[in-house]
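Colleague: With the sequence up front, the predicted model follows.
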Amino acid sequence: MRISKGALLVVIAVLIPFVVEFRTALSWFGIELSVLESLVLGGAAVLAIVLWAVWPPNGSAGPSGSS
């Protein structure tokens, strides 16, 4: 993993209020998001972060530095 499990949990926890406030900020510009659309947006963001976290840093599946 690229980051620790605790740090991943913190990033996901901080993402939740960000999605809610992003919805509020978009409403200032006349863009309305439903609760379902907000959930989909948040779910996609969490999925992207988790995939990034578990993807090997160098792009290979094997252990780094082995010869």
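Modeller: Everything's here; your move.
Colleague: Please count neighbours and contacts with C-alpha atoms only from this point.
Modeller: Noted.
Colleague: Outside of stretch 20-36 itself, list whatever touches it.
Modeller: residue 38 (CA atoms under 8 Å, 6 or more residues apart in numbering).
Colleague: Now do the helices in the chain.
Modeller: 5-28, 35-54 (DSSP state H).
Colleague: relative orientation of the last one and helix 5-28 in degrees?
Modeller: I take that to be helix 35-54. 150 degrees (axes from the mean of the first three to the mean of the last three CA atoms, to 10 degrees).
Colleague: JSON lines for the helices of the chain, including mean pLDDT and mean neighbour count?
Modeller: Shown next, in JSON lines, are the helices of the chain (pLDDT from 0 to 100; neighbours: other CA atoms under 10 Å):
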{"stretch": "helix 5-28", "mean pLDDT": "93", "mean neighbour count": "13"}
{"stretch": "helix 35-54", "mean pLDDT": "94", "mean neighbour count": "14"}
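Colleague: what's the burial count for residue 29?
Modeller: Residues lying near residue 29 (other CA atoms under 10 Å) number 8.
Colleague: how far away is it from residue 55?
Modeller: Computed as CA to CA, to the nearest Å, the residue 29 to residue 55 distance reads 36 Å.
Colleague: go on, residue 12?
Modeller: Distance from residue 12 to residue 55, by CA to CA: 17 Å.
Colleague: ok, now residue 38?
Modeller: Applying CA to CA to residue 38 and residue 55 gives a distance of 26 Å.
Colleague: so who does residue 38 touch?
Modeller: Going by CA under 8 Å, 6+ apart, the list of residues near residue 38 reads 19, 20, 23.
Colleague: Could you rerun that using 10 Å?
Modeller: Residues in contact with residue 38 (CA atoms under 10 Å, 6 or more residues apart in numbering) are 16, 19, 20, 22, 23, 44.
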